[in-house]
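**Q** Quick one, structure for this:
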Amino acid sequence: MDRKEAIEKLSQLVGKELHELAEKYGVTIYRNGKVNKGWAGHVFERYLELPINSAQSPNFGSWELKSIPLKYKKNGSLTFKETMAVTMIDPVNVLQKEFEESHLLAKLRKIVVVARIVGEDVNEPSYIHSVVEFDLEDEIYDAVKADYNLVRNTIREKGFDFLTGKMGYYIQPRTKGSGHGSKTRAFYARPRFLKLFIKI
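**A** Residues are numbered from 1 along each chain as shown. This next block holds a predicted model:
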């Protein structure tokens with residue numbers, strides 16, 4: 001299934017409730033007494049009749065599926081519940097690759113994002129809000145490239161350990177994993193980047 005076809009098919013789910021779809025497609029929300037963290041993404045993969053795939057490479061060859069949660073604030077407005085992980089940062093690879101050949105750009109160009117509205121916990125209804133792709137053109141492209149080059153130059157001049165979540169306007173390099181002791185980092189899309197494409 002190509003990206004355009006997937007976007008068209010996923011767009012038909014806008015407004016539908018995710019728990020009902022999970023039941024329909026046989027996706028379990030709980031596993032061994034704990035929340036099955038990837039359950040939402042698994043629903044969309046089953047709906048598209050694609051094999052569930054947890055590999056780091058793009059799920060479906062030419063494109064990759066991501067699901068991100070939105071939540072209502074107390075004043076009733078929608079906001080992003082969290083930033084969106086894009087890809088891991090391999091310092092050797094980042095130093096070798098210009099932005100044009102980077103994993104970051106390749107991933108951003110391949111991602112199809114399903115935004116869904118969630119409640120206070122996993123048991124509350126969750127509704128599919130929108131389906132989008134990222135269009136990196138002109139000023140947005142230049143800003144993301146600047147974020148990448150900031151990470152690249154920091155690794156080159158100071159070292160990998162100097163990357164912090166305070167860096168980057170649209171894309172931040174942040175610790176991935178548990179706690180402050182984690183040595184791994186990933187590129188994350190900030191809410192201000194997601195807002196460019198997901199209208200809330």
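
**Q** Next up, phi/psi of P69, please.
**A** With angles defined as degrees, to the nearest 10, P69 sits at phi -90, psi 140.

**Q** my guess is it meets V118, correct?
**A** Yes: contact between P69 and V118 holds when scored by CB atoms under 8 Å: they sit 4.4 Å apart. Yep, even glycine has a C-beta here, placed from its N, CA and C like the rest.

**Q** anything in contact with each of those two?
**A** Applying CB atoms under 8 Å, 6 or more residues apart in numbering, one finds that P69 and V118 are jointly contacted by 81, 126.

**Q** residue contacts, the nearest residue to Y72 once chain neighbours are set aside?
**A** Nearest residue to Y72, sequence neighbours excluded (CB to CB, 6 or more residues apart in numbering): L78, at 6.0 Å. The contact partners of L78, by CB under 8 Å, 6+ apart, come to 70-72, 117, 129, 200.

**Q** State the number of residues packed around K199.
**A** K199 has 10 neighbouring residues, counting by other CB atoms under 10 Å.

**Q** Got the confidence number for the residue lying closest to it once chain neighbours are set aside?
**A** Residue nearest to K199 in three dimensions, not counting chain neighbours: S130, with 7.2 Å by CB to CB, 6+ apart. At S130, the predicted lDDT confidence score is 97.

**Q** repeat for P51
**A** We note a pLDDT of 69 for P51 in this prediction.

**Q** E45 now?
**A** In this model, E45 is scored at 89, pLDDT.

**Q** what's it sitting at in phi/psi?
**A** Note on E45: backbone dihedrals following degrees, to the nearest 10 are phi -70, psi -40.

**Q** Tell me the spacing between it and V118.
**A** Taking CB to CB, to the nearest Å as the measure, E45 falls 19 Å from V118.

**Q** hang on, the earlier thing: please identify which of P69 and V118 sits among more neighbours.
**A** Under the neighbour definition other CB under 10 Å, P69 and V118 were set side by side, and V118 has more, 19 against 16.

**Q** my read: that one touches H129, true?
**A** No: counting by CB under 8 Å, no contact exists between V118 and H129, whose distance comes to 9.9 Å.

**Q** anything in contact with each of these two?
**A** Common contacts of V118 and H129 (CB under 8 Å, 6+ apart): L70.

**Q** Give the burial count for the closest residue to L10 other than its chain neighbours, as a bare number.
**A** Across the structure, with CB to CB, 6+ apart as the measure, the residue nearest L10 apart from its sequence neighbours is V131 (4.5 Å). For V131, the count of nearby residues is 21 (other CB under 10 Å).

**Q** gap between the helix or strand containing V131 and the chain center?
**A** V131 belongs to strand 127-133 when elements are defined using DSSP states H and E. Per CA atoms, centre = their mean, to the nearest Å, the displacement of strand 127-133 from the mean C-alpha position of its chain is 12 Å.

**Q** Which residues outside that strand are in contact with it?
**A** 3, 7, 10-11, 13-18, 70, 78, 111-117, 197-200.
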